[in-house]
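Novice: fold the stuff below for me.
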Amino acid sequence: MSQTGRNRREHTAADTEEARSTEPDPAPVWAIPAPPLIGREDELRCVTELLAAPGLRLLTLCGPAGIGKSALAHAALAATAAGGRSAVVALDLAEVREPAMVDSTLRALTAEGPRRPESGRQLVFLDNCDPVIDAVAEGVLRLLAVAPWTVVVCASRTPLDVYAERILPVGPLRLGPEGDAVRLFTDRVSPYYRHGITGAPERAAVARICEVLDGVPLAIEIAAEAVGPLSPAELEGRLRRGEYPARGRLRDLAERHRSVGHALSWGESAQREEDIALLKRLSVCESHIDLDTAGQLSGIGREEIAGGLRRLVHQGLLTSVDNGLGGYSFAMTHMARSHYRQELERDPAALAMARARHAGVCLAFAERVGRTGTGAGFGGDPNAGAEDGRDARRAAAIARRLPDLRAAVRHLRQAGRYADVLRLLLVMAGPDGPGGVEYTAQLEESAERAVEDGGAEGRGPAAAALLTLAHLAARTGDPQRAGAALRRAIALSGHGERTIPHGARELLAALGDGARPAPVPPPEPPARATETVTATTTATAPPHDAGLTPRQHEVAQLVAEGLTNRQISRELEISEWTVVNHLREVMRKLGCPSRVHVARILGQRAG
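Specialist: Numbers count the residues shown, from 1 in each chain. Below you'll find the predicted structure:
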């Protein structure tokens, strides 16, 4: 009979008995080749102590995908079996999809009646229980009932949810330059490329990569295998953009461990569609997620969203963290965020809606900070109250939200909503933010764009941004730039110095008359308006050798022709930020408070 025919024949009881007598026993779990466990000393000690403790019947190691549940269980069972105290049976359920198969497999352990092993205790290890978790729970309860000397150990993202269960959450590897995460990364880099990660800059990049990846072993292994030809610095940049470089993995790895996508999609068969949809919407968040944020992003009721978050934590797709206020926030691993954001990007309309809602959440946060703060972050002195007026809790809240604020700024810039960009930048550059100097160029460019594109709506945020810029410039020893920013802010206010905050008036006084704009003349009859403009431009027109560089002359000429900064950048093939910096120097050298005056002076010269 052919091999195919034999495979199709029904097996009889005699066949089963013959197989038992001729086939070798399956390899015990501790004999399966596996790389040594790196780190986890405390967790390994905890598991082995639990297995040795009397009264334990069911232990489940839970945690997110790729966290190392199976590896830890294997190491603990190997140590326990080596002591000769228990007989171990291991069953991998990763490819099982039919509940009936789980039931028949577990029944086979006691098919001939429960028998106490010679060692006195039997350990049953069930790995990858997620797709058939309900059937596993039923089978385990039955097994524990008929075999009281049996202890079951499960590795699963989702617990069994039965009374006898002891749940042990498995966390990430220890981070830091000397942490276990860095040790694992180094070990998994190909030997051909390890010489490239020995320098101090490379080691620092590796430590940052492990932090980006949340210390999740699977993510670290996949990233480490991408080193060469990618350097650690290049790899870090790609990971921060949510990219996992594709590379073939080892031959004997399970299919679900071959990529981040495989790892996350493997367990989706046991998830609700609404939970997967929620994960996609939450993936636009860069930091911790609270209940209100999740509700605004999902557009569903508070009770419904609370149930969804509870299920996702239960399934190891979110982790709960202390929010510092006596409650909980929720975190998504880099792996999960990258995977579900890519899934969201397949639907551009859904992505746009999620991004817009996320920006709305960040703008609402900025408004709350403005209401509860001193107001300095919205046009006041960034140094005001640095010692005694700063609210530490508000500063901590901004720091926690900073990655989300940056992401929202990027979205709002792409959408052309520069007034809203400024509202977020003012929080980030204000006294309770991480520091303003790094946001100077963005504040300046966005203020110009808010006025150009936003009209009256953009004038208020633009003036506030320019006042903040003035304080930042004064703090860094650039009084000319501070004065120029103050003049532009006062001009935007349209009502002179009396409308600017008290702190800004003090700065104006400290900078002297050089920062003060010319007095606003009273309204004149229409017949004399042209004469007034001509007289003003003639009086202020500088000589031709005002010190402008050729590029600054080009920028000034295009301003006089009425081009916006965006149009000038296209005309000269330079960035808008470069245009803003050139224009600032032109205004400083010509003594102009605004681009309108630059246009007047250039027009007077042409005449």
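Novice: buried sites along the host helix or strand of A489?
Specialist: In this assignment (DSSP states H and E), A489 forms part of helix 479-493. Neighbour-count burial for helix 479-493, counted by 16 or more other C-beta atoms under 10 Å, picks out 479, 481-493. From N, CA and C alone the C-beta is placed, and that goes for glycine too.
Novice: now the strands for this structure?
Specialist: 58-62, 87-92, 122-127, 150-155, 165-169, 319-322, 328-331 (DSSP state E).
Novice: what's the least confident stretch among these?
Specialist: Among the strands of the chain, strand 87-92 carries the lowest mean pLDDT, at a mean of 85.
Novice: and the helix holding A489, what does it pack against?
Specialist: helix 440-454, helix 456-475, helix 502-511, helix 576-590 (3 or more C-beta pairs under 8 Å, 6 or more residues apart in numbering; DSSP states H and E).
Novice: rounded mean pLDDT for stretch 290-303, please.
Specialist: 91.
Novice: now do the buried residues in that stretch.
Specialist: Buried residues in stretch 290-303 (16+ other C-beta under 10 Å): D290, L291, T293, A294, G295, Q296, L297, S298, I300.
Novice: now swap in stretch 468-479 and tell me
Specialist: Within stretch 468-479, the residues scored as buried using 16+ other C-beta under 10 Å are T468, L469, A470, H471, L472, A473, A474, P479.
Novice: what sits against the second one?
Specialist: When the contact criterion is C-beta atoms under 8 Å, 6 or more residues apart in numbering, the partners of L469 are T440, L443, E444, A447, R481, A482, A485.
Novice: gap between the nearest residue in space to the third one that is not next to it in sequence and V555?
Specialist: What it means is E444. Leaving aside its sequence neighbours, E444 sits nearest to V580 (C-beta to C-beta, 6 or more residues apart in numbering; 5.3 Å). Per C-beta to C-beta, to the nearest Å, V580 is found 10 Å from V555.
Novice: looking at those two, which has the bigger crowd around it?
Specialist: Counted by other C-beta atoms under 10 Å, V580 and V555 do not tie: V555 has more neighbours, with 29 against 20.
Novice: quick check: that one touching L572?
Specialist: Yes: V555 lies in contact with L572 (C-beta atoms under 8 Å); the separation is 7.4 Å.
Novice: who touches both of the two?
Specialist: Common neighbours of V555 and L572 (C-beta under 8 Å, 6+ apart) are V579.
Novice: max-length helix in this protein?
Specialist: Looking across the chain with DSSP state H, the single longest helix is helix 348-372.
Novice: what comes up buried for that helix?
Specialist: Per 16+ other C-beta under 10 Å, helix 348-372 contains these buried residues: 351, 353-355, 357-359, 361-363, 365-366, 369-370.
Novice: now do that helix: which elements does it pack against?
Specialist: Helix 348-372 packs on helix 273-282, helix 291-298, helix 334-345, helix 392-414, helix 418-429, going by 3+ C-beta pairs under 8 Å, 6+ apart.
Novice: what's the closest of the ones you listed to V182?
Specialist: Comparison of these against V182 by C-beta to C-beta identifies helix 334-345 as nearest, at 16.1 Å.
Novice: nearest spatial neighbour of the residue most central in space within the chain, chain-adjacent residues omitted?
Specialist: With distances taken as C-alpha atoms, centre = their mean, the chain has E286 as the residue nearest its mean C-alpha position (3.0 Å). Spatial nearest neighbour of E286, chain neighbours left out: P403 (3.5 Å); criterion: C-beta to C-beta, 6+ apart.
Novice: what number of residues lie near the one you found?
Specialist: 13.
Novice: measure the residue nearest to E444 to A560 for me?
Specialist: 17 Å.
Novice: around H339, count how many other residues there are.
Specialist: Neighbours of H339 (other C-beta under 10 Å): 25.
Novice: which residues touch the nearest residue to R188 once chain neighbours are set aside?
Specialist: Counting by C-beta to C-beta, 6+ apart, A224 is the residue found nearest to R188 once chain neighbours are left out, at 3.8 Å. Counting by C-beta under 8 Å, 6+ apart, A224 touches L184, F185, T186, D187, R188, V189.
Novice: separate out the buried members of those residues.
Specialist: L184, F185, T186, R188, V189.
Novice: quick revisit: and which of the buried residues of stretch 290-303 is nearest A331?
Specialist: The nearest member of the buried residues of stretch 290-303 to A331, counting by C-beta to C-beta, is D290 at 10.9 Å.
Novice: now that closest one: closest residue in space that isn't a chain neighbour?
Specialist: Nearest to D290 is S329, by C-beta to C-beta, 6+ apart, at 5.0 Å.
Novice: identify the bridge partners of the one you found.
Specialist: S329 has the following beta-bridge partners by DSSP bridges: V321.
Novice: what residues does it make contact with?
Specialist: Going by C-beta under 8 Å, 6+ apart, S329 touches H288, I289, D290, S320, V321, D322, N323.
Novice: which of the residues you listed lies closest to A90?
Specialist: The nearest one, if we look at the contacts of S329 relative to A90 and count by C-beta to C-beta, is S320, at 30.8 Å.
Novice: please pull out the lowest mean pLDDT helix or strand from the chain.
Specialist: Counting by mean pLDDT, DSSP states H and E, the chain has its least confident helix or strand at helix 526-540, which shows a mean of 31.
Novice: so what's the predicted local confidence for the residue nearest to E286?
Specialist: The model's pLDDT for P403 equals 92.
Novice: does it touch V284 like I think?
Specialist: No: using C-beta under 8 Å, P403 is not in contact with V284, being 11.3 Å away.
Novice: any weak-confidence spans in the stretch 401-550 of the chain?
Specialist: 431-437, 454-455, 493-546 (pLDDT under 70).
Novice: one more time with 90
Specialist: The stretch 401-550 of the chain contains residues with pLDDT under 90 at 426-550.
Novice: what sits up against the longest helix of the chain?
Specialist: Taking C-beta under 8 Å, 6+ apart as the rule, helix 348-372 contacts 280-281, 283-285, 293, 296-297, 299, 344-345, 377-378, 391, 394, 397-398, 401, 404-405, 407-408, 411-412, 415, 417, 420, 423-424, 426-427, 430, 432.
Novice: sorry, back to before: just the CA atoms of the helix holding A489, as PDB, please.
Specialist: Extracted C-alpha coordinates of helix 479-493, given in PDB (Å, rounded to 0.1, in the frame of the first residue of the first chain):
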ATOM      1  CA  PRO A 479      18.300  91.200  21.700                       C
ATOM      2  CA  GLN A 480      18.000  92.200  18.000                       C
ATOM      3  CA  ARG A 481      15.900  89.100  17.300                       C
ATOM      4  CA  ALA A 482      13.900  89.700  20.500                       C
ATOM      5  CA  GLY A 483      13.100  93.200  19.500                       C
ATOM      6  CA  ALA A 484      12.100  92.200  15.900                       C
ATOM      7  CA  ALA A 485       9.800  89.600  17.300                       C
ATOM      8  CA  LEU A 486       8.200  92.100  19.800                       C
ATOM      9  CA  ARG A 487       7.700  94.700  17.000                       C
ATOM     10  CA  ARG A 488       6.000  92.100  14.800                       C
ATOM     11  CA  ALA A 489       3.800  91.000  17.800                       C
ATOM     12  CA  ILE A 490       2.700  94.500  18.600                       C
ATOM     13  CA  ALA A 491       2.000  95.200  14.900                       C
ATOM     14  CA  LEU A 492      -0.200  92.000  14.700                       C
ATOM     15  CA  SER A 493      -2.100  93.100  17.800                       C
END
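Novice: quick one: A52 from A263, how far?
Specialist: Taking C-beta to C-beta, one finds A52 at 32 Å from A263.
Novice: so for the two, which sits in the more crowded spot?
Specialist: Using other C-beta under 10 Å as the criterion, A52 and A263 rank with A263 on top: 23 against 13.
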